[in-house]
Each structure stands twice: as C-alpha cells, then as structure tokens.
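In: how would this look folded up:
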Amino acid sequence: MSPSAEQSASVVRRRYHTSAGSVLYVLTTIFLAIGAINSQNNLLFFAFGIAAGAMVISGFVSGPALMRVRARRDVPATAEVGRPFVVRYTVWNLSRLWPAFGLAIVEEKLSDKAAGPLGDVASCVQHVGTRQTVRATSSITPRSRGLATLDRFTMSTTFPLGLARKSVTFGLPSTMIVRPRQLRLRAGLLDRLAGGVSRLTSARNALGQGDEIYGLRAYAPGDAIRSIAWRASARAGTPVVRQTTMPAPARLWIEFRPSIAILDPHDQEIAISLAASCARMADSHGFAVGVVGFGSTMLPRPGRRHIERVLDFLARLRVDAETPPESRGTVTRRDGSVVIAATPEPIGPGSIVLAVSQAHTYLAPGQELPVRSPPPIGRLRRAVGEFLGLEEPGS
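Out: I've put the predicted structure just below:
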C-alpha cells in the first residue's frame, strides 16, 4: 500500500443493494426458467441462460472492483452560507487486476430529521484504473449556518449492467464551521456612529503610531528628525528617539434584542446575517467589535483574526426565547452599539438600530435578501424514489 493510501478513511461496511428494477429482473429470470422447464423450448433456455449470466456478471464479477478501493475526504475548516466551497475526494485503486467504473460518492447524514447546514453532498468518479489515483470534487453551497459534521461517505457503483448496486462505506469524521451569510451593506451605514464614538479611546501597550510615549531608544540611521528627544539626548550624551504607543480603536458592540427570538427561523437568519455583515464593515472602519448574544458575550478586540472569531461565534449562536440576551458589562460612554431588533425602536446617541423588517433598506445596490428555502424532501419519499429509480441516490 502506498504512503498516501495509508491515510485513507477506514472501511466500515460493504453491501449489495436492491431496487425495483433488480427485483423485476430476478422475477423475470425465474419465469423464464419455469417456462423453459415446462415447455422444453430451446429459445427459452437460451434466454434464461443470458438472463442468468447477466445476473452473475452484475453480482459477482463487478463486486471485486470495490474490494481494493480506498478513499479520503478533504474539507475546508470554514464555509459561508450562500457561498459555494469544494469538498475534495481522493480515490485509490490498490488492485492489480480489477479497474473500477462509474463510482458515485454520497455523504451519509447523521440525522434523519434535518439535512444539516450542507444538505446533500455527492460526487462521482468515472474510472479508476489499476494502481491508479483519481481525485474528484463536489461543489457545495451551505444552506444554513452552524457546525457541520461529515462522518461517513459511501462509494457505490451499478457497473456494468445496472442490475444491482454495490457499495462500500468509509468512516472519516470531519467538522467545519458554516458562518452566517454576509451581505453587502450600503456605504455610510456606520457614519452615524462617528459623532458619538471616539475613534481613539485609549492607548495599547504596544509600539505603534499613536501620540502617547512608550519609551526611548538609541537613534538609528533612517529615523525621522522630529522623533529625536532633544532633552533626553542632551542628558544621555547620545541621540535618542521617542517610541509611541499603538492607539486602541473604538469599541463597537453588536446587540441582539429579545424581539429577535419571536421571529420565524428565516427572519432570525437575516438578523444573524445583518450582525455578521455589520461586524465585517465595522472592522474595515477600524472598530474593535464585540457581540452580546443570547446567553453569551464576546468582548471587543481589534484585528482581522478577531473578526474571524466573531463570525464563528455568530455561526454557533442559538436564538432562544427562554435565554434573555446578556447586558453589556464594561461599557463606557465612548462605546458605540449596533442594535439588531425585529422592528425599529428608539435608541440613544452613539447607537444605530438595524431592524429585520427593514433589512432591504440597509443593503448596497444590487444586493438582495435571501429567499426562503423550500421544505426538504422526506426520507420516506426519497427512499421510495430511489427504489423506483425516479431519483438518484444522494441527488
């Protein structure tokens, strides 16, 4: 086994599957056998031999092709609702004699009641030759936010005659975070905060381009003349320059009102999307963003890495009417806030309200709100459709 194949997923089980077509074919073969025996007709014996040979070929000849097939799945760590990403599958055929044809790859669902953030995940491989490695991809567009877990995926084939489906299931748990949908907000949406929030609230204990003194150091060629501390240089007898601190950005809180909990799930997701979009815009304006959610709080921090953590926080946020939103602790009068509410409501200076009922007014030109997704197909209906051949497995 090659070193790459050793990193493949473990084989959980192998199965043979039946369908309406395969059952009908077997019944027809049995009727041919009964008719040939009763009538002793050579043509019926010939037809029975062809039908029985096709069953043997479909059931036993193509089965060994999956015995030595191995596979692995690679998924990104994060994704975003409404934005497609790629799931990559690597398939190895370790057999020296049996190539594999027409492989369908389908992810198994952990729950029968919900499709999960990713919905159906499927891909296919046309041919894997002996001792060959093939890579396949599947483009997935997440439908909801949250923690997506992929546990098992099944590789199956109906080659060569389509009478029976053979499958092998691999186990490879993978977890990814599906972040909320980020909408393009209209320019100037946060300009109202500029008058009530000071951009430089304090100085950070780090070197930067601020106004407060951090320390002194020896002069080095290339330093600006204006940075020289002349009195300190006179006392030290050698030129020294001033080092300043890094200014701390203003803090901006994104607050959720209890009215969000009484909205339907679709409108709740719009509220979460507004919060995520506002957090991204606030970061581009130089704010340190914090979030006050239902039962949990994320303190403001500067930097792009913190915004990534804010998006992960919003991805896991549960809107629960029984859990009231926490109040902001450590809030100064210089802090601004963006309030996410169901309907417009009065607010104090240094704050703005984003109402879900008026969400379309906050969007940039050309940006539209997501539409409501249709209800998922029931598992029983899907199983009946697959059995009758009206729906492909994992479609």
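In: is it true that V291 lies in a strand?
Out: Yes - counting by DSSP: H, G, I helix; E, B strand; the rest coil, V291 is part of a strand.
In: wait, it touches A275, no?
Out: Yes - using CB atoms under 8 Å, V291 makes contact with A275 at a distance of 7.0 Å. C-beta coordinates here come from the backbone N, C-alpha and C atoms, glycine included.
In: now for those two: what residues contact both?
Out: Jointly contacting V291 and A275 under the rule CB atoms under 8 Å, 6 or more residues apart in numbering are I254, L314.
In: can you count the residues close to A9?
Out: 20 (other CB atoms under 10 Å).
In: report the contact partners of it.
Out: Each residue near A9 by CB under 8 Å, 6+ apart is listed here: R70, A71, R72, R73, F153, F170, G171, L172.
In: quick one, strands of the stretch 101-250 of the chain?
Out: Ranges of strands in the stretch 101-250 of the chain, per DSSP state E, counting those that start in this stretch, are 122-128, 132-140, 146-157, 165-179, 200-207, 213-218, 240-249.
In: buried stuff in the second one?
Out: In other words, strand 132-140. Buried residues in strand 132-140, counting neighbours by 16 or more other CB atoms under 10 Å, are found at V134, A136, S138, I140.
In: if we can go back for a sec, need the contacts of A9 in TSV (columns: distance to Y362 and pLDDT).
Out: Putting those into TSV (distance: CB to CB, whole Å; pLDDT from 0 to 100) gives the following:
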residue	distance to Y362	pLDDT
R70	50	90
A71	45	92
R72	43	92
R73	38	92
F153	40	91
F170	45	92
G171	45	90
L172	41	89
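In: for A51, see how far away Y219 is.
Out: The spacing between Y219 and A51, counted by CB to CB, to the nearest Å, is 95 Å.
In: K166 too?
Out: From K166 across to A51, the span is 19 Å (CB to CB).
In: L163 now?
Out: Taking CB to CB, one finds L163 at 10 Å from A51.
In: what's the overlap in contacts for the two?
Out: Shared contacts of L163 and A51 (CB under 8 Å, 6+ apart): Y25.
In: follow-up on the earlier one: which of the strands of the stretch 101-250 of the chain comes out lowest on mean pLDDT?
Out: Lowest mean pLDDT within the strands of the stretch 101-250 of the chain: strand 200-207, a mean of 45.
In: what pLDDT is listed against E308?
Out: For E308, pLDDT reads 93.
In: use 420 as the first number for this chain going forward.
Out: Done: numbering now begins at 420, and the last item shifts to E727.
In: pull the contacting residues for it.
Out: Going by CB under 8 Å, 6+ apart, E727 touches T497.
In: restricted to buried residues, select the contacts of A428 in ChimeraX.
Out: Restricted to buried positions by 16+ other CB under 10 Å, the ChimeraX selection for the contacts of A428 reads:
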select :489,490,491,492,572,589,591
